Each structure stands twice: as structure tokens, then as C-alpha cells.
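> The following block contains a protein sequence and its predicted model.
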Amino acid sequence: MPELPEVETVRGGLAPVLEGRRLARVEARRPDLRFPFPTGFVQILTGATIVKLERRAKYLLARLDREDTLVMHLGMSGRFDISRPEGESRPGRFHYAPDPDPKHAHVVFETDDGTRVTYYDPRRFGYMALVNTATLQLHPWFAGLGPEPLSDAFDAEHLKRAFAGRKQGPKTLLLDQKIVAGLGNIYVCEALNRARISPFKPAGGISAARLRKLVPEIKAVLGEAIAAGGSTLRDFAQADGALGYFQHRFRTYDREGEPCCNTGCKGVIDRQVQAGRSTFFCPVCQT
């Protein structure tokens, strides 16, 4: 499933062609994705202007000039393709994805300048909804979310409070969207390795000094991934059709049996299943 950097990369790819544009035509080619489309989905969106395209956790938020916000989640295999009147545009230093299968083109947005944005989703685990903008933060999808990991609200003091007295490992807690919004398995593994913190030992026992080191490592690994275009796993592709590049920079994730990259460490990356997810870590320096 796409993580925060992948969703942010998609937002960055869509914003220049959607923000400030009126939706001249909207087509839903099936009645549902993971969930049914809301009543009047096409009618409400047609003629609306997208004022701002934002991201909250792993959600894309297209704020309209009407009372609603279009909320979009990519699920496991959702992606967008952009076609302009002057032709396809796929800028950037990325590996290009194969052309998507037309049978998986489920939603088409056409703007007033002729740009067409098509949503593809072979597995249909993604979803779209219209939520009242004024009460968006009260919606069940957003009400319990923690701070954004790249925001000032996410700091060592926040983690200290969230981890206090907890016996679960920090890997498990960092994946809890109520503690921090948008973090996923890949980047938590990467950040804990860089901070040399065990994924398994009780989070409540991690010192404040080590938390002060962990927070900037989380922000750094996310920032690097966003700059690189996200990580390409399975079906994920950027909005411009290009696959991400960050998978070539993993220091821990999916490197079982390879040397640890931390300076001075002679350990070898191991893998254990933790809460149903693969945890990659160095048993030597992550203590």
C-alpha cells in the first residue's frame, strides 16, 4: 500500500493540473470502488472548481468551491494518469511504468483546459467520497488521526507522551495512525535503523535523548523519499506515470542478510514478522 511519500508525490504531480481548474466533465465508469460512490457524485463534481489539493495522512483532499471536499484514497493499487491536449508529460528521473490497462480506468476527471486525469485501480481497494468541508476533521476517517510526521507538532515530546508506559515496541506504535498520521512499514523500519533503536523493546523505556534522535530521522527519511518520488512496490506509480526511485536507497527494508549500513556497525540485517508485518532491523546496533 502506498505510504505518505507516495501519496505526497501523487499530490505534487496532480496539483499543477487540478488546482484552480474547473471540472468540466466527470465520469464514473462503475458504481463503486472499495465503497459505493456517494449519491450525486458525478453531478456534484461536474462544474466544481478544485481550490486546493492537499494531503492528510494517506488521503488526498481536493477542496472544492462548493461545500464539499473530494476525499481520495489509493488503496493498494490506485494510480492517476494525466493526459494533456499537447500530449503525455512524464518529467523526472524515474523508471516509467507500463501503460495502464483501460479496463481498470474507473474515474475520469476532465478540466476546463482539456486536461484529463484518469484514476486506475486494478484491485479496487481505493475509494472516493464527498465530505462536508466544514466538518471534515470530525469525519471518522480523520477525527482520531495524530499529527503529520513532517509538521512541528510531531516532536520528541509528543512521542514521549504517546510512548509513556507502553509495553509495545516503537515499530508497532509508530504504525498507529492515532499516534502519528501517515507512517507505514517501510519508513518506520528505515527510521528506527538510522536511529539505532530496537523495533521490539518496550517503547515506554526509550529515553528522551533517543526520541530526540528518532524524530529527525523519521522526518529525514520521509523527506528523502518525497524528493526521490516515493518507493515503488508492486502496483504503485506516480501521477505522471513514473515509478518512484527511493527503493534503490533503502538501507534496511527488504535487505535481509545484507550488511547494516550504519557507520561502524558490522551487523547483518535480519527480518522478523511483527504484528503481521515484516520488520527489517539490525540486531547488532539497534538495541
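Nice, thanks for sending it over.

> Go ahead and name everything in contact with the longest helix seen in the chain.
Longest helix of the chain, by residue count under DSSP state H: helix 208-228. Outside helix 208-228, the residues that touch it by Cβ atoms under 8 Å, 6 or more residues apart in numbering are 4-5, 8-9, 12, 149-150, 154-156, 159-160, 163, 170, 174, 183, 187-188, 190-192, 194-195, 197, 206, 231, 244-246, 249. All C-beta spots, glycine's among them, are computed from the backbone N, C-alpha and C.

> ChimeraX command to pick out the buried ones of those?
Buried residues within the contacts of helix 208-228, by 16 or more other Cβ atoms under 10 Å, are selected in ChimeraX with:
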select :4,5,8,9,12,149,150,154,156,159,160,163,170,174,183,187,188,190,191,192,194,195,197,206,231,244,245,246
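
> Can you tell me whether I have it right that A62 is in a strand?
Yes. The assignment for A62 is a strand, going by DSSP: H, G, I helix; E, B strand; the rest coil.

> That one: what's it in contact with?
Contacts of A62 by Cβ under 8 Å, 6+ apart are L18, I50, K52, L53, T69, L70, V71, M72.

> of those, buried ones?
L18, I50, L53, T69, L70, V71, M72.

> With pLDDT and distance to F281 added, can I get those in a markdown table?
What follows is the buried ones among the contacts of A62, written out as a markdown table (pLDDT from 0 to 100; distance: Cβ to Cβ, whole Å):
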| residue | pLDDT | distance to F281 |
| --- | --- | --- |
| L18 | 95 | 39 |
| I50 | 98 | 42 |
| L53 | 97 | 36 |
| T69 | 98 | 39 |
| L70 | 98 | 39 |
| V71 | 98 | 34 |
| M72 | 97 | 33 |
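
> Would you mind putting those into a markdown table with distance to P283 and secondary structure alongside?
Below are those laid out as a markdown table (distance: Cβ to Cβ, whole Å; DSSP: H, G, I helix; E, B strand; the rest coil):
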| residue | distance to P283 | secondary structure |
| --- | --- | --- |
| L18 | 46 | helix |
| I50 | 48 | strand |
| L53 | 43 | strand |
| T69 | 45 | strand |
| L70 | 46 | strand |
| V71 | 41 | strand |
| M72 | 40 | strand |
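
> Pull the most distant pair out of those.
Using Cβ to Cβ, these reach their maximum pairwise distance at L18 and V71, which is 14.3 Å.

> of all the buried ones among the contacts of A62, which comes closest to L136?
Nearest to L136 among those, with distances taken as Cβ to Cβ, is T69, at 5.6 Å.
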